[in-house]
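*Asks:* Any chance you could fold what I've pasted below:
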Amino acid sequence: MDIKTENPPFKHDWYQTETSVVITVLLKNLKEDQLAIKFSDKIVELNIKAGEHNQEISKVFNLSHDIVPDQCSYRLTTVKIEIKLKKLEGYRWEKLEGASDNVPKARIEPVVPKLDKPPSYPTSKGTDWSAIEKDISVQEAHEKPEGEEALNKLFQDIYGKGSDEVKKAMNKSFMESGGTVLSTNWREVSKDKVECKPPDGMEFKKWES
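*Replies:* Coordinates of the predicted model:
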């Protein structure tokens, strides 16, 4: 199986803060088992399996400055890979890759601009990254939560849209039952203390002070 190391079929850009450099790689619907990232002092290596035939793609970033490998990380969503690199020194990088320019080092000073609209997404190359990020945000907003996240969101929606009685019922049932009961029926829970109802096969025990 061929490994492509030049001009991989995805876009990327980067920006920096005082302590970190963030590389954003646009790739949709990538799973954790399709991605491997290695960090070293001045190199970030991506190994990706993508496409219909799990084609292997390799991308190496030869960084212009040193990083701290043990403090680097990445986050994978349905539309992008966000790679966060910890700078070894808190200086401004003039470029992401290549030999560092022999220019005086300058620290990045935090600036809080006063704007009438949200600031543009930082970019390294004149790319309209704000438009790209806006497209990503729209797609992420349509991502459907799963499992416990979906259940929590459902409860939040019910609580947020519920009447005062619904909110009182949810609060009372949850607190009095030790988090084992969540009811929206105020008429029912207002009559008496809500008893603990642990899942089948489990026993509820109170912590002793």
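*Asks:* C-alpha only now, for contacts and for neighbours.
*Replies:* Noted.
*Asks:* Now do the same contact list for residue 28.
*Replies:* Contacts for residue 28 (C-alpha atoms under 8 Å, 6 or more residues apart in numbering) come out as 77-80.
*Asks:* Now render those residues as TSV, adding secondary structure.
*Replies:* Output for these, formatted as TSV (DSSP: H, G, I helix; E, B strand; the rest coil):
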residue	secondary structure
77	coil
78	coil
79	coil
80	strand
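*Asks:* With adjacent residues omitted, what lies nearest to residue 169?
*Replies:* With sequence-adjacent residues excluded and distances taken as C-alpha to C-alpha, 6 or more residues apart in numbering, residue 169 is closest to residue 186, at 4.6 Å.
*Asks:* so how many other residues sit close to that neighbour?
*Replies:* Residue 186 sits with 17 neighbouring residues when counted by other C-alpha atoms under 10 Å.
*Asks:* my guess is it meets residue 165, correct?
*Replies:* Yes: with contact defined as C-alpha atoms under 8 Å, residue 186 reaches residue 165; the gap is 5.7 Å.
*Asks:* Mutual contacts of the two, please.
*Replies:* Between them, residue 186 and residue 165 share no contacting residue, judged by C-alpha under 8 Å, 6+ apart.
*Asks:* Only the C-alpha atoms, please, for stretch 38-55, written as CSV.
*Replies:* C-alpha atoms of stretch 38-55 as CSV (Å, rounded to 0.1, in the frame of the first residue of the first chain):
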residue,chain,number,x,y,z
LYS,A,38,4.0,11.3,17.3
PHE,A,39,5.7,14.3,18.9
SER,A,40,9.4,14.9,19.2
ASP,A,41,11.5,18.0,20.0
LYS,A,42,11.0,19.7,16.6
ILE,A,43,8.8,17.2,14.6
VAL,A,44,5.1,16.3,14.6
GLU,A,45,4.3,13.2,12.5
LEU,A,46,0.8,12.3,11.5
ASN,A,47,-0.1,8.8,10.2
ILE,A,48,-3.6,8.6,8.8
LYS,A,49,-5.6,5.8,7.3
ALA,A,50,-8.4,7.3,5.1
GLY,A,51,-10.5,6.8,2.0
GLU,A,52,-12.4,3.7,0.8
HIS,A,53,-9.3,1.5,0.9
ASN,A,54,-7.8,2.8,4.1
GLN,A,55,-5.1,4.5,2.1
